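> Got a predicted structure here, sequence first:
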Amino acid sequence: MSEPEIPDIDELLHSWEAETPPPGLAQRTLERIENPPQPGWLERIDGWAERIKRFFEGPPLRTGVLATAAGCVLFLMVWSPNLFRGRAEGDLQACKVRLKVIATAIEAYHDKNGEFPTTIEQLIPGYLVTAKACPAAGKDTYKLKSQAETFTVFCGGHHHPQVEPDHPQYSSDTAAGR
Amino acid sequence: MEKTQAGDTQALAELVRRYEKMLFGYAMRITHDREMAADIFQETFMKVFQRRSTYKVGSTFKPWLYRICLNLCRDRFRKRSRRPEVELNDHSHMSDPAPGPDEVAEKRRRGERVRQAIANLSDKHREVLILAQYQSLSYPEISEVLGIPVGTVKSRVHFAIKKLAEDLQDLRQEISS
């Protein structure tokens, strides 16, 4: 595509003449380069404001990436402690439920045999289908202490930061999970 | 420019003098403000000096220089739009309003009409037209200054001249008669 053929437009456009520079402009420029003026605090603030503004006026992708990153950081800051706390709480509750299942099996064993088992393995397969795994530990951690008339079943070790080691427990005395 | 990069201040002085008229004229056409144009001219060369290490040896100096100058002009317009100080179309300070001999006055009148017609173009068309028509930059050079493809430069020049030809139809008729 070339310039349109309008013969008089060039001449007409050049009737807008260039302004001549003020006298000594080149010399003053060189002096300013040699002794640059120090920006005042107002100019510095203005400069930073301009840079920030230009950044956000930049390509939409840049702003999008920044907004997404800020959103992710915000989400993690707000939700990650709750997520971890929520998971630990869930593990403890599930562990208590499993202890109760084991305790029910122990009582059933007692009803049938007139005594408590000495190990949890004695409950399988008649009273428990399989060994239970603590959800926090990811393995079978359940231990049983039994006497003639009482028993305590508990999660051995320290897999739940909210409770003491060897807890939670389910005891025939309290008949409740602690 | 290579000598300036090496820290030769004489070479820098040579560059400033060589481009004084051309670059001031350019800043003046963009800003329509003598004081601002002089300031932009000075700042352009300060930036040239500060950024001399980023200049790629072997590349053409002119587009690089014009790009710095144009960015400074745009910055000024942005700032001026935030803190209006001078009315954009106030040109009372520009040239001597006293009428001279008829021919000079007539030329000045035409020049003012052309300036107004160019000022009415959109920024993108005005920038391209001024570089092509008044600064005599080639299309590839303009493409480098503005960071747009050569084809876009051509189409914008074409559009701008066509628009001006329409807007200045009465003046064109005056000249041809």
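On my side now, so go ahead.

> For the rest of this, base every contact and every neighbour count on C-alpha atoms.
Will do.

> Just the element for the one residue sitting closest to the centre of chain B, please.
In chain B, the C-alpha nearest the mean C-alpha coordinate belongs to B:Y26, at 2.8 Å (C-alpha atoms, centre = their mean). For B:Y26, the host element (DSSP states H and E) is helix B:9-31.

> likewise A:V129?
Following DSSP H and E, one finds A:V129 outside all helices and strands.

> Now the phi/psi pair for it, please.
phi -70, psi -50 (degrees, to the nearest 10).

> picking that back up, surely the residue nearest to the centre of chain B meets B:L137?
No. B:Y26 is not in contact with B:L137 according to C-alpha atoms under 8 Å; the separation is 11.6 Å.

> Could you check how far the residue of chain A found nearest chain B is from B:L65?
Using C-alpha to the nearest C-alpha, the closest approach of chain A to chain B is made by A:W16 at 3.8 Å. With the distance defined as C-alpha to C-alpha, to the nearest Å, A:W16 ends up 23 Å from B:L65.

> Pull the contacting residues for residue 119.
No chain in the question, so chain A it is. Residues near A:T119 by C-alpha atoms under 8 Å, 6 or more residues apart in numbering or on different chains: A:143-145.

> Please refer instead to chain B.
B:A119 makes contact with B:R126 under the criterion C-alpha under 8 Å, 6+ apart.

> Need the per-residue pLDDT for it.
Looking at B:A119, its pLDDT reads 91.

> That one and chain A, how far apart?
12 Å (C-alpha to the nearest C-alpha, to the nearest Å).

> again, but for B:Y26
8 Å.

> so the closest residue to A:Q147 other than its chain neighbours, which of the three states?
Residue nearest to A:Q147 in three dimensions, not counting chain neighbours: A:F116, with 7.3 Å by C-alpha to C-alpha, 6 or more residues apart in numbering or on different chains. Secondary structure, DSSP: H, G, I helix; E, B strand; the rest coil: A:F116 is coil.

> how about A:F116, what does it touch?
A:106-107, A:109-110, A:146-151.

> where's the dip in pLDDT among the residues you listed?
A:A148 (78).

> SS state for it?
Secondary structure state of A:A148, per three-state DSSP, is coil.

> how many other residues sit next to it?
9 (other C-alpha atoms under 10 Å in any protein chain shown).

> For it, give me its contacts.
Counting by C-alpha under 8 Å, 6+ apart, the residues that A:A148 touches are A:115-116.

> one more time with 10 Å, if that's ok
A:114-117 (C-alpha atoms under 10 Å, 6 or more residues apart in numbering or on different chains).

> now do A:R32
A:R32 neighbours (C-alpha under 10 Å, 6+ apart): A:26, B:42-43, B:45-46.

> could you say which helix or strand contains it?
Using DSSP H and E, A:R32 falls within helix A:25-34.

> do you know how far the residue in chain B that chain A sits nearest to is from A:I120?
Proximity to chain A, evaluated over chain B using C-alpha to the nearest C-alpha, is greatest for B:G111 at 3.8 Å. Distance, B:G111 to A:I120, by C-alpha to C-alpha: 103 Å.

> Kindly export stretch B:19-38 (C-alpha atoms) in CSV.
Extracted C-alpha coordinates of stretch B:19-38, given in CSV (Å, rounded to 0.1, in the frame of the first residue of the first chain):
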residue,chain,number,x,y,z
TYR,B,19,20.0,16.2,16.3
GLU,B,20,19.1,19.5,18.0
LYS,B,21,17.0,21.0,15.3
MET,B,22,15.4,17.7,14.2
LEU,B,23,14.5,16.4,17.6
PHE,B,24,13.3,19.6,19.1
GLY,B,25,11.1,20.1,16.0
TYR,B,26,9.7,16.7,16.6
ALA,B,27,9.0,17.2,20.3
MET,B,28,7.5,20.6,19.3
ARG,B,29,5.1,19.0,16.8
ILE,B,30,4.0,16.4,19.3
THR,B,31,3.6,18.7,22.3
HIS,B,32,2.9,22.2,20.8
ASP,B,33,4.7,23.7,23.8
ARG,B,34,8.2,25.2,23.4
GLU,B,35,9.1,24.9,27.1
MET,B,36,8.0,21.3,27.3
ALA,B,37,9.6,20.4,24.0
ALA,B,38,13.0,21.9,25.2
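
> mean confidence for that stretch?
The pLDDT scores in stretch B:19-38 average 92.

> Also stretch A:111-121?
The average pLDDT within stretch A:111-121 is 86.

> Report how far apart the opening and closing residues of it are.
Using C-alpha to C-alpha, the two ends of stretch A:111-121 sit 17 Å apart.

> just how off-centre is it within its chain?
Here the centre of stretch A:111-121 is set off from its chain's centre by 46 Å, with C-alpha atoms, centre = their mean, to the nearest Å.

> helices and strands of chain A: which one has the lowest mean pLDDT?
Using mean pLDDT, DSSP states H and E, the weakest-scoring helix or strand in chain A turns out to be strand A:176-177, at a mean of 46.

> Check the spacing between B:A119 and A:I33 real quick.
On the measure of C-alpha to C-alpha, B:A119 and A:I33 end up 32 Å apart.

> swap in B:T9?
From B:T9 to A:I33 the distance is 10 Å (C-alpha to C-alpha).

> The two: which is more packed in?
Taking neighbours as other C-alpha under 10 Å, B:T9 and A:I33 compare with A:I33 leading, 20 against 16.

> Contacts only, for that one.
A:27, B:9, B:12, B:42-43, B:45-50.

> Please repeat the previous calculation with a cut-off of 6 Å.
Shown in contact with A:I33 (C-alpha atoms under 6 Å, 6 or more residues apart in numbering or on different chains): B:M46.

> Noted, bye for now.
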